[in-house]
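Enquirer: using only what follows, build the 3D model:
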Amino acid sequence: MKPKLIFCFALVFSGGLADLRAEMVQGMDWHVAHAEVIEVVQAETPAAAAIFPPPQDKERVWVKDVLKGVDTTQEFLLPKGKVQPGQKAVVLFEFGSPGYQNSAVQTPSRELPQTSVWPMDSAGNVNIDALPAHAESGPTLGQFMLDHVRIKSLELIKKNIAAGSPEEVGLYGEVLEALLFPKKFQALARRDARRATYVRFSIAVHQWNRDVPWLARLLESQDQTVRKAALKKLESLTATKSPAPKDNSPQSLQAWAQSWGKRAISPPGPRWPPVPAELKRPGGAFPEPLIQALQRNDADAFIKAFAVWLDSGVMRDREIYYAVATLDRRIIDGSNLEGAFFGTIGQRAAPRLRPDVVLDTNIPTIDRMKAVALLAQVAHYERFVHEWDEAKALVASVPSDSDILRRAAFWEFRELPNQTAGSLAIRRLVQNGEDESSQRFVLALCLDKLDDTTVGAMRDETKAGRKMFIDGMFAYLANHRDNNAQWIGRVLCQQGQGRAIPVMLAWLKDKDPEVRKSGAFNLCWLPSADAVSDLRDAIQSESDREVKGQMLEALAQTGDQRGLEALLAAAREPDDLGVASAIARGLGRIRDPKALPALADMVAGLAWITRGDDDWLAMNKAPLGSWYALSDAVNAFGYISQSYEAHAPDGFWGNSALNPVQLRLDVARIEEWRKSQSNKP
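Expert: All right, here's what the predicted structure looks like:
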């Protein structure tokens, strides 16, 4: 009996069948849906392998048919033993492995994408390696046993493809006809004009008509007619010629194909347009010629307009980003376009260029264009990554006064998690020192849109004491209290700019609670005795709980004796753990023994954290804020009373919580102190 079946029986008798059912849910249909490319291949015979030897641990297979996807790979390498010499197999390349197109023609050092290899017998039956046919609910024991020995027909795989992505059926051959044999393609156009239009739109989106490496793989074809047509197309596309191979052996054809694949057509134009005078970026609108071509289902016009759009660099990237954020979710789901989202390419069903989304004029043209843009993000992801890397390298290498820095800083994304050419350009402009032109430009970008990069630039310019930049920030504060102004106020306070204190104090009286809260929060970074009176007045009149809590935190940072009564009053009824922590620290800074009863009461209310059998168990059950509030109150009590070792209270947004063992000892000391106080007359 085979090991899998033994394991299955063991699970049944041990009550573990539920686990088996939970795991065995990916059927053949799941693999077909998740495959970007499905091909029928045939392994070399020993005689052929002797003539064209593969690497020692590999075996070469030749593509005989493309069932799904459009892939011009003629031969590639599999790990040895996947199929027998001369045997056919179905190979599925799973979507989500980056760079399938560029890695399909392999050298021995390159890895295949994630693959499934299903060997075939001479009758065309496919061994799908114990998978159930469908993935609806997970197999029963009987299904598992039957499917383990069941052989599936190749026709069943084709039916799965036709059911899940019918547009893929026959697409490979139709694309080759459109590109290499236009007279044959005209017959399709006469017979089915809609299908022919769809094929041409597919070519445009994937850019197969000008993808030199993709076309060059056809030079390995065992069909001389295909090789001849592909060569003609390549010569026209690159405006170059190359000597024919010395013979038609597989080795010579491979070397010839790889030589052609290294050639490139004319590079695209500049990545960044000039910076507009008023620093206003266009919205997410796509170029009008592209929209019009799609609206009319004009494939010829679309092919030209799409190539221009794809080469437009950052404008294209911005429009894809816009599409990601605004496309109808039903279209995303129906076309499997989740993988188009930045950073989310993973185990997902392969994306589809659905004919209805491309051609159905009942769907708004802008939504159709967004779907096409997201598919382009998937299809050309490696190209885009290469362009982004080149852009960063260029920004890093140009002189500090180059207009390229301004263009990149203005147009490129800065919101993405990884470093971009835009964020790098802004950092380089900041490094220009006292150059007022650079300072004015960076300031304008900061005031236009704040993000991590521009906030960092404001910090750097302020820290360096650049007067023009700092004066510009204060000028903005004089007339604005919006989100940008709130961040500017924060940066100025964080960098010790005392001129910001009266501005923030004025915000405490604003009618907008968010502005009042922001003013108080910013004052926490720059504690000042000059703010105490205004903060006390604001706390007394404030009705918003969150805003009042933030004001109390700001008052606590000052450590000013005049704030003692307000903090003691708040300590008796803290309704927020973060505020309680800040109050405890504030009382510790003032260091007045009057605060000890309030701190002891605060400790008593949180002492349950330390009463578990396991020191860490109680901590893990408690909210993290409770742990910090207790630790701050215990430390403040010790710092004021000097009855045990304690340190000066931590600064704003700092923490140094006590360890559980020490905390338990100190809590016990405070409880003893409370008892002693209650016994006093």
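Enquirer: show me what the longest strand anywhere in the chain is packed up against.
Expert: Criterion DSSP state E: the longest strand present in the chain is strand 58-68. Under the contact criterion of 3 or more C-beta pairs under 8 Å, 6 or more residues apart in numbering; DSSP states H and E, strand 58-68 touches strand 35-43, strand 75-79, strand 88-94, helix 154-164. The C-beta positions use only the backbone N, C-alpha and C, and glycine is treated the same way.
Enquirer: swap the cut-off to 10 Å and go again
Expert: helix 28-34, strand 35-43, helix 46-51, strand 75-79, strand 88-94, helix 154-164, helix 171-180 (3 or more C-beta pairs under 10 Å, 6 or more residues apart in numbering; DSSP states H and E).
Enquirer: which parts of the shortest one are buried?
Expert: In this case it means strand 75-79. 75-78 (16 or more other C-beta atoms under 10 Å).
Enquirer: wait, what's in contact with residue 633?
Expert: Contacts here follow C-beta atoms under 10 Å, 6 or more residues apart in numbering; on that basis residue 633 touches 571, 580-581, 583-585, 587-588, 598-607, 666-667, 670.
Enquirer: can you flag the buried ones in those residues?
Expert: By neighbour count, with 16+ other C-beta under 10 Å, these hold 571, 580-581, 583-585, 587-588, 598-600, 602-603, 606-607, 666-667, 670 as buried.
Enquirer: looking at these, which are in helices?
Expert: Within those, residues falling in helices by DSSP state H are 571, 580-581, 583-585, 587-588, 598-600, 602-603, 606, 666-667, 670.
Enquirer: closest to residue 361 out of the helices and strands packed on strand 58-68?
Expert: helix 171-180 (22.1 Å; C-beta to C-beta).
Enquirer: quick check: next helix or strand after that closest one?
Expert: helix 182-191 (DSSP states H and E).
Enquirer: got the CA coordinates for that next one in PDB?
Expert: C-alpha atoms of helix 182-191 as PDB (Å, rounded to 0.1, in the frame of the first residue of the first chain):
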ATOM      1  CA  PRO A 182      -1.500  38.300 -41.400                       C
ATOM      2  CA  LYS A 183      -3.300  36.700 -44.400                       C
ATOM      3  CA  LYS A 184      -4.300  33.800 -42.200                       C
ATOM      4  CA  PHE A 185      -5.500  36.200 -39.500                       C
ATOM      5  CA  GLN A 186      -7.700  38.000 -42.100                       C
ATOM      6  CA  ALA A 187      -9.700  34.800 -42.400                       C
ATOM      7  CA  LEU A 188     -10.400  34.900 -38.700                       C
ATOM      8  CA  ALA A 189     -11.400  38.600 -39.000                       C
ATOM      9  CA  ARG A 190     -13.900  37.700 -41.700                       C
ATOM     10  CA  ARG A 191     -15.300  34.800 -39.800                       C
END
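Enquirer: packing partners of that helix?
Expert: Short answer (3+ C-beta pairs under 10 Å, 6+ apart): helix 182-191 packs on helix 171-180, helix 193-206.
Enquirer: as TSV, the ones you listed with mean pLDDT would be great.
Expert: Formatted as TSV, the helices and strands packed on helix 182-191 follow (pLDDT from 0 to 100):
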stretch	mean pLDDT
helix 171-180	98
helix 193-206	97
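Enquirer: nearest to residue 376, out of those helices?
Expert: helix 193-206 (6.0 Å).
Enquirer: just the buried residues of that closest one, please?
Expert: 195-206.
Enquirer: so which of the buried residues of strand 75-79 is the closest to residue 53?
Expert: Looking across the buried residues of strand 75-79 and measuring by C-beta to C-beta, the closest to residue 53 is residue 77, at 11.4 Å.
Enquirer: how much space between the closest one and residue 49?
Expert: The spacing between residue 77 and residue 49, counted by C-beta to C-beta, to the nearest Å, is 11 Å.
Enquirer: and for residue 334?
Expert: Noted for residue 334: a distance of 45 Å to residue 49, by C-beta to C-beta.
Enquirer: same check on residue 249?
Expert: From residue 249 to residue 49 the distance is 13 Å (C-beta to C-beta).
Enquirer: those two - which one has more neighbours?
Expert: residue 49 (15 against 12; other C-beta atoms under 10 Å).
Enquirer: wait, doesn't the more buried one sit right on residue 43?
Expert: Yes: contact criterion C-beta atoms under 10 Å: residue 49 and residue 43 qualify, at 8.6 Å.
Enquirer: which neighbours do the two share?
Expert: Joint contacts of residue 49 and residue 43 (C-beta under 10 Å, 6+ apart) are 59-60, 85-86.
Enquirer: make TSV out of the residues you listed and add neighbour count.
Expert: Shown next, in TSV, are these (neighbours: other C-beta atoms under 10 Å):
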residue	neighbour count
59	18
60	20
85	13
86	13
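Enquirer: OK, contacts around the spatially closest residue to residue 206 that is not a sequence neighbour?
Expert: Nearest non-adjacent residue to residue 206, counting by C-beta to C-beta, 6 or more residues apart in numbering: residue 379, 5.2 Å away. Shown in contact with residue 379 (C-beta under 10 Å, 6+ apart): 101, 202, 205-208, 310, 340, 351, 353.
Enquirer: chain center to stretch 63-73: distance?
Expert: Centroid separation for stretch 63-73 versus its chain: 30 Å, with C-alpha atoms, centre = their mean, to the nearest Å.
Enquirer: how about the nearest residue to residue 606, chain neighbours excluded?
Expert: residue 630 (4.0 Å).
Enquirer: isn't that neighbour right up against residue 600?
Expert: No: counting by C-beta under 10 Å, residue 600 is not a contact partner of residue 630; they are 12.0 Å apart.
Enquirer: partner strands of the longest strand of the chain, parallel or antiparallel?
Expert: strand 35-43 (antiparallel), strand 75-79 (antiparallel) (DSSP bridges).
Enquirer: and the last one, how far from the chain's centre?
Expert: If I follow you right, that is strand 75-79. 31 Å.
Enquirer: what's the answer for stretch 540-549, then?
Expert: How far stretch 540-549 lies from its chain's middle: 39 Å, per C-alpha atoms, centre = their mean.
Enquirer: quick check: mean pLDDT across that stretch?
Expert: Averaging pLDDT along stretch 540-549 gives 96.
Enquirer: can you give me the buried ones in that stretch?
Expert: Judged by neighbour count using 16+ other C-beta under 10 Å, the buried positions of stretch 540-549 are 542, 547-549.
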